[in-house]
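K.L.:
Provided below are the primary sequence and the corresponding predicted coordinates.
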Amino acid sequence: IRRPPRSTPLYSSAASDVYKRQAIDFFPDGEAVLVTFDGDVYRLSGLAGDNDQIKWRRIAAGFNEPQSIRIRDNDIFVFSRLGITRLLDRDLDGETDFYEMFCNRFTQSADTRDYPMSLALRPDGSFVIAKGGQQVNARSPHSGRALTVSADGKLVEYLGYGLRNAYISSHPTKDLITASDQQGHWVPSTPFLVIREQRYFGYEPGAPEWEVPIHPPALWMPHRVVQSGIEQLWPLGGKMGPLNNSILHIEYKKPSLFQIFVPEDEDFTQTAGIPLPIAFETPILKGAINPIDGSPYLVGFQIWDSVASRLEGLCRVRVLDGANERPVAAEVSENGVLLEFEHPLGPERSLDPANYQLSRCEYKRTSEYGYPQNKAEGTQGAALSLI
């Protein structure tokens, strides 16, 4: 990993080279496992700190389009078109010698976009999965929905509905499931969703069989800011400075991170967020927090339509010394948005109307691809006003 100079901005990233990285997760000791879209699984050591002796070892192979990897009680689980597979090293030589089909009790169609998109772990040891909802030639009753998989892999049940191409994530310690979705048909812009039992999120091909109102996102992110929302990460433990206890939402097309503030009420219905000024040279799809250094590690490769300068990479984000003048929390109410900062801004800055700008728009769900921003009266465009 090439280390950035200490003179870089508050946030920085570093990169290295292995082909088509798709997802990553960490053991408690800081060693990592990484799965590639080509179907290989690697084990990595030496990522934390300033260690330059990073070691890669392939421990498994042969998966069909895997997109998620998770560690539970030191067991490795891979989610691919085959199902959820547990990797077992019975002779303890460091390589997988038995591939156990943990669960394939959900329908995997032959449709091109029935991707095994995400695998999230819940505190009770069960999983939540999501598969691509854009079904064209081979419709599946389990695609475009969030599904729970019991801790023993024997029971699959519906959790949420109406997801176009959702990436589901989970809080590390609480039973809180969140998701992004891809803008397109029935999804006018990039949403941030809180997944709860039997909620319907508006993508009609993935709707439940009974009539139910659409549950609104906790946050709409404008398409010009987040064009291709992917996974979310949860920095905890106090090692990420102003990013602690918020959500880092991955944007793929313009490789970047969007910070989402988490209200104290776990059943929140609305929140706010800000884009972070981090320039990534690699495309990013998924990531995980290293428990040793507390840093997010992000992986990805060029699928299509990314402006990243590199084809693939492994990145680390760390907080460098420097003042943070960006909000660290936000509270949304009927009367406005209350912003909290790490340090006092002073009356000259905080009370100057020229330092604030407010715009609003309306979204409408249609069967057309995406949807233009509309003013409240219905004409196209975003209403802009200076406070």
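P.N.:
It's in. Residues are numbered from 1 along each chain as shown.

K.L.:
where does the residue most central in space within the chain sit: helix, strand or coil?
P.N.:
Closest to where the C-alpha atoms of the chain average out (C-alpha atoms, centre = their mean) is Glu231, at 1.0 Å. Using DSSP: H, G, I helix; E, B strand; the rest coil, the structure places Glu231 in strand.

K.L.:
surely it meets Lys286?
P.N.:
Yes. With contact defined as C-beta atoms under 8 Å, Glu231 counts as touching Lys286 (4.7 Å). C-beta here means a position set from N, CA and C on the backbone, and glycine is covered the same way.

K.L.:
below-threshold pLDDT in the stretch 251-387 of the chain: ranges please.
P.N.:
373-387 (pLDDT under 70).

K.L.:
what about the strands in it?
P.N.:
Using DSSP state E, counting those that start in this stretch, the strands of the stretch 251-387 of the chain run over 256-260, 273-275, 286-289, 296-301, 312-319, 327-333, 336-341, 358-360, 383-385.

K.L.:
same check on the stretch 51-200 of the chain?
P.N.:
Using DSSP E, counting those that start in this stretch, strands in the stretch 51-200 of the chain cover 55-60, 68-72, 75-80, 83-88, 98-103, 116-121, 127-131, 145-149, 156-161, 167-170, 177-180, 190-195, 199-200.

K.L.:
so for Val328, which of these sits nearest?
P.N.:
Closest approach to Val328 among those (C-beta to C-beta): strand 190-195, 18.0 Å.

K.L.:
and that closest one, what does it pack against?
P.N.:
strand 156-161, strand 177-180, strand 219-221, strand 229-233 (3 or more C-beta pairs under 8 Å, 6 or more residues apart in numbering; DSSP states H and E).

K.L.:
with adjacent residues omitted, what lies nearest to Phe77?
P.N.:
Excluding the flanking residues, the one nearest Phe77 by C-beta to C-beta, 6 or more residues apart in numbering is Arg70, at 4.9 Å.

K.L.:
for that neighbour, give me its contacts.
P.N.:
If you count contacts by C-beta atoms under 8 Å, 6 or more residues apart in numbering, Arg70 has them with Asp25, Ile76, Phe77, Phe79, Leu119, Ala120, Leu121, Phe127.

K.L.:
just put the residues you listed in a markdown table and tack on pLDDT.
P.N.:
A markdown table is the format used below for these (pLDDT from 0 to 100):
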| residue | pLDDT |
| --- | --- |
| Asp25 | 97 |
| Ile76 | 98 |
| Phe77 | 98 |
| Phe79 | 98 |
| Leu119 | 97 |
| Ala120 | 97 |
| Leu121 | 97 |
| Phe127 | 98 |
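
K.L.:
highest neighbour count among those?
P.N.:
Of all these, the highest neighbour tally under other C-beta atoms under 10 Å goes to Phe79, namely 30 neighbours.

K.L.:
how close does that one get to Ile71?
P.N.:
Using C-beta to C-beta, to the nearest Å, Phe79 is found at 13 Å from Ile71.

K.L.:
neighbours around Asp267, how many?
P.N.:
8.

K.L.:
hmm, Ala179 is touching Leu193, no?
P.N.:
Yes. Ala179 lies in contact with Leu193 (C-beta under 8 Å); the separation is 4.5 Å.

K.L.:
shared neighbours, those two?
P.N.:
Gly160, Leu163, Ala166.

K.L.:
what's the burial count for the nearest residue to the first one once chain neighbours are set aside?
P.N.:
Right, Gly160. Spatial nearest neighbour of Gly160, excluding adjacent residues (C-beta to C-beta, 6+ apart): Ala146 at 3.9 Å. For Ala146, the count of nearby residues is 28 (other C-beta under 10 Å).

K.L.:
many thanks, I have nothing further to ask.
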